[in-house]
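Chemist: Here is the input, now give the coordinates:
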Amino acid sequence: MEFSRNSSLRFWTLPLEDTCGRILAEAITSTEDLPHFARSTMDGYALKAADTFGATETLPAYIKVTGEVFMGKTPYFSIKQGEAAKIPTGGMLPGGADAVLMYEHTQPFGNSDIEVLKALAPGDNVIQKGQDISKGTLLLNRGHKLRPQDMGALSAIGLSDVVVYKRPIVSIISTGDEIIPPGQPLKGAEVRDINSYNLHGLLLNNGALPVRKGIFRDDYDTIRGVVEEAVKTSQMVLITGGSSVGTLDHTKKIIAGLGRPGVLFHGVAVKPGKPLIAGSVDGIPIFGLPGHPAAVTVSFEVFIKQVLRRLTGEAAKEPDTNIIKARLTYSLSSQPARTDFIWVKIVNQDGQTCAQPILGKSGLIGTLVRADGIIEIPAGKRGVEEGEEVLVRLF
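Modeler: Purely as a prediction, here's the structure:
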């Protein structure tokens, strides 16, 4: 799919404190060394390592303390042979010093000398200039989702503002004469809206700004008008219900009639989620989702998330940290002509991480609530045996 909207308007500059979870719109290279001076990693004495060579508790070396380093202050003195200076953790190493001796490895001797009870090598207990991040280093790639530690690193190299992708607006349109909002009492054959709230959360968790347009009766003109407006104001449109074959199912016809190229495919060899429709209207991706909650979740995880990732600017994760290995607790059969997705709960059995299948009809929301993740039985495979290792995609 090609996306026509959001070219130069796809990103903006935000204050660093507002960027957690946002996607970088440009690569970041450090313009300075971190740290920008050699500093101590311990409270102790800055000195020349050579002055400690051979020192032991039974045969100490003796060094004169001639100065002191203070936090945030540049020491304007140098360490000569046989000298040392007190230094706190994080203090700037004075000139001439190349190591730091911990207080615990010294004993006071006289008025200004110390006994050195341990030998050091150059660089011991010191972070060198640029050892953490050196100037010119590629720190973060474009498409990276910012984590708290990333924000700390960006602050450390002096950035207070960051260019990130805007969150794409995704419209959610619920259809069906039987659907009512959650705040209303049920009457007769009515059911409450599940899918738009499920989708709302899935979109938020994947970097989008969901907009629930409302619940609309199964009327072609009504739904077409809402979809047409959503295409003009969104970067993606999701329509729940109306994707299967039926007299009131208008989604395919609406997508085909709104713009080019229209419907890309209708129906997939996947269970649950077979009736899925995917299309594009003038560069805006549109999905017609089945009405069953489990099918909606599978359709999102397998098909929609990959398109959404392109809209958010997020780079593909290698490896995917949301996938774990587990042993199946009992055997499952499958139709070889389709891909099956099964909900599982992660359990511990005899010290092993295991996946316990949660079976149920695709219209049941309770199976989703009890599940920790999903496993895939690919097309061409007739099932999975008890004890076989499977990959679990965690929610």
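Chemist: starting at the chain centroid, how far to the longest strand anywhere in the chain?
Modeler: Scanning the chain for the strand with the most residues, using DSSP state E, yields strand 339-349. Here strand 339-349 is found 22 Å from its chain centre; the criterion is C-alpha atoms, centre = their mean, to the nearest Å.
Chemist: Pull out the buried residues from it.
Modeler: Applying a neighbour-count criterion of 16 or more other C-beta atoms under 10 Å, one finds 339-345 buried in strand 339-349. The C-beta positions use only the backbone N, C-alpha and C, and glycine is treated the same way.
Chemist: what helices or strands is the longest helix seen in the chain leaning on?
Modeler: Ranked by residue count and defined by DSSP state H, the top helix of the chain is helix 220-233. In terms of contacts (3 or more C-beta pairs under 8 Å, 6 or more residues apart in numbering; DSSP states H and E), helix 220-233 is packed against strand 169-175, strand 209-216, strand 236-240, helix 251-258, strand 284-289.
Chemist: Using CSV, list the CA coordinates for the next helix or strand after the fourth one.
Modeler: Secondary structure here is assigned by DSSP states H and E; on that basis, the next helix or strand after helix 251-258 toward the C-terminus is strand 261-266. Extracted in CSV, the C-alpha atoms of strand 261-266 (Å, rounded to 0.1, in the frame of the first residue of the first chain):
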residue,chain,number,x,y,z
PRO,A,261,-7.7,1.1,-6.0
GLY,A,262,-10.6,0.0,-3.8
VAL,A,263,-10.8,-3.5,-2.4
LEU,A,264,-7.5,-5.3,-2.5
PHE,A,265,-8.7,-8.6,-1.1
HIS,A,266,-11.8,-10.1,0.6
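Chemist: so what strands line up beside the helix or strand following strand 261-266?
Modeler: For strand 261-266, the following helix or strand on the C-terminal side (DSSP H and E) is strand 270-271. In the sheet, strand 270-271 lines up against strand 339-349 (parallel) (DSSP bridges).
Chemist: next one: the longest helix of the chain to chain centre, how far?
Modeler: Relative to where its chain is centred, helix 220-233 has its mean C-alpha point 32 Å off (C-alpha atoms, centre = their mean).
Chemist: likewise stretch 274-289?
Modeler: For stretch 274-289, the distance to the chain centre is 26 Å (C-alpha atoms, centre = their mean).
Chemist: Could you pull out the buried residues of it?
Modeler: Going by neighbour count (16+ other C-beta under 10 Å), the buried part of stretch 274-289 is 274-281, 283-289.
Chemist: ok, so of these, who is nearest residue 26?
Modeler: Set against residue 26, the nearest of those by C-beta to C-beta is residue 283 (23.2 Å).
Chemist: For residue 387, which non-adjacent residue is closest in space?
Modeler: Distances taken as C-beta to C-beta, 6 or more residues apart in numbering place residue 327 nearest to residue 387, at 5.6 Å, with adjacent residues excluded.
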